[in-house]
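In: Using only what follows, build the 3D model:
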Amino acid sequence: MNVNKVVEEFGIWYGDGMDGSCAQADQWARILQRAPSQSIVLVNFFKLRETAIYDSDHADSVSVSGQKAFERYSTVSIPAMERAGGTFLLVAPFQGSFVGKEEDWDMLVVGSYPNLEAFLNLHRDEKYRSAYHHRSAACERQKVLVCGG
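Out: A predicted model of the protein is given here:
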């Protein structure tokens, strides 16, 4: 696999990540350089906007809540994740910190991929890519941590 080519392709599809709505080039590269058979677990923290903010390129930019926009994303992302070979381990409201600094999030989602191919399958899925703008519109901010075996 040509990592630079894939990073470039994902940058075209998802954006450069400088606004925090998706991975940046070095973050994509870090995941793509993992051993192909190594599992990947992503721990996603989401803070949703009161009102979703769509860019002018999307016809569905009518005023909806961040929650509604995230539901639009989830309706597509959940089956896409399953088609890709991944599994959701947890989808739950965030209830606070137990140890460490208190943080303010609305939702926590933990997804698992058995290998790099499954991760790539999700991000190359055309339906998933076409729904990703709902996630960007919904989220005031997000944090995604990478773990693996």
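In: And for the residue nearest in space to the middle of the chain, nearest residue in space, chain neighbours not counted?
Out: For the chain, the residue nearest the mean C-alpha position is Cys22 (6.8 Å; Cα atoms, centre = their mean). Distance criterion Cβ to Cβ, 6 or more residues apart in numbering; nearest residue to Cys22, sequence neighbours excluded, is Tyr14 at 4.2 Å. (Each C-beta comes from the backbone N, C-alpha and C, glycine too.)
In: before we move on, back to that, how about the contacts made by the residue nearest to the centre of the chain?
Out: If you count contacts by Cβ atoms under 8 Å, 6 or more residues apart in numbering, Cys22 has them with Tyr14, Gly15, Tyr132, Ser136.
In: give the contact list for the residue nearest to Cys22.
Out: Ser21, Cys22, Ala23, His123, Arg129, Tyr132.
In: List just the nearest of the contacts of Cys22 to Leu145.
Out: Tyr14 (18.1 Å; Cβ to Cβ).
In: backbone phi and psi for that closest one, please?
Out: The phi/psi pair for Tyr14 (degrees, to the nearest 10) reads phi -110, psi -20.
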